[in-house]
Each structure stands twice: as structure tokens, then as C-alpha cells.
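Colleague: For reference, the sequence and a predicted model appear below.
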Amino acid sequence: MAEVVRVLGYREFLRATDRAGRSVKREVRNAYKPVGEIVRADAAEKFSGFSEKSAAGFKVSVRQSGVSVRQSLRKTTGTNPGWGALQMTRALLPARAEKREEVEREFEKAIDRVADIFER
């Protein structure tokens, strides 16, 4: 299984941005969103052979728990109970594993952009 990229102090940092105001919080989240976009784009490409619609449903979300790529489409029929597992094993987990180094580099750049936001 692929490893999770963890950033120490990320959760506490996002809590602190809550106190800085709504506009700062929005800018911080916008700085982190491209990090998840790297994995989302690769996962969508990998899964498009199975289902274009499901591949288009992958979305990036920035939350207090981290930056994640998730399926935004609702379950439609329930006739294929392994569909979510298929998306994870064929697209999301491999994309995360393959793009790990790029994600780490982009996250460092995002942290630099966030530091610039706080220096303003």
C-alpha cells in the first residue's frame, strides 16, 4: 500500500489560520489546492479507461485533516459494491504513490506561498 504524506503541525496551523480571518483562510486553502490537483489529474487519467464519468468526479478538498482527493459523485445504483475499491486500487492509491515526490515539492512551495501571505 502507498504511504501517506504527513506534515507535522498542519492541523494546528490550519486552526491558527481560522483566527487570522476569512480572507487569509481562503488564500491558504487556495495555496494548498494545487498540491492535491497533481494526484487528482493523474488518478482521473488512470481511471478514465474504466469510466469517464467517475474519473471526472474526482475532486480536491482542503480540510483541517489535510489535502485529499475524493470522489464527489453520489452512488447511483449500488449494483457494483466494489466500485469504490476499484477507484482506490486502480487510480487514487497508485497516483498518490507515483506522484509522492512531486507532491512533497509542491507542498513545500505552497508553504512558502503561505508564509508570504502571513508576511503581508
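Modeller: Done, it's in. Numbers count the residues shown, from 1 in each chain.
Colleague: Let me know the outermost residue of this structure.
Modeller: In terms of distance from the mean C-alpha position of the chain, Thr79 ranks first, at 27.7 Å (C-alpha atoms, centre = their mean).
Colleague: per-residue confidence for that one?
Modeller: Thr79 carries a pLDDT value of 75.
Colleague: now whatever helix or strand Val114 lives in: mean pLDDT?
Modeller: For Val114, the host element (DSSP states H and E) is helix 100-119. Averaging pLDDT along helix 100-119 gives 86.
Colleague: Tell me if the residue farthest from the centre of the chain really is in a helix.
Modeller: No: read with DSSP: H, G, I helix; E, B strand; the rest coil, Thr79 is coil and lies in no helix.
Colleague: end-to-end on stretch 50-68?
Modeller: 22 Å (C-alpha to C-alpha, to the nearest Å).
Colleague: same deal with stretch 79-94?
Modeller: Its start and end residues considered, stretch 79-94 measures 25 Å (C-alpha to C-alpha).
Colleague: gap between it and the chain center?
Modeller: Stretch 79-94 sits 17 Å away from the centroid of its parent chain (C-alpha atoms, centre = their mean, to the nearest Å).
Colleague: Buried residues, that stretch. List them.
Modeller: Trp83, Gln87, Ala91, Leu92, Pro94 (16 or more other C-beta atoms under 10 Å). In this view, the C-beta of every residue, glycine as well, is placed from N, C-alpha and C.
Colleague: Am I right that Val28 is in a strand?
Modeller: No: per three-state DSSP, Val28 lies outside any strand segment and is helix.
Colleague: List the residues that contact Ala44.
Modeller: Ala55, Ala56, Phe58, Ala91 (C-beta atoms under 8 Å, 6 or more residues apart in numbering).
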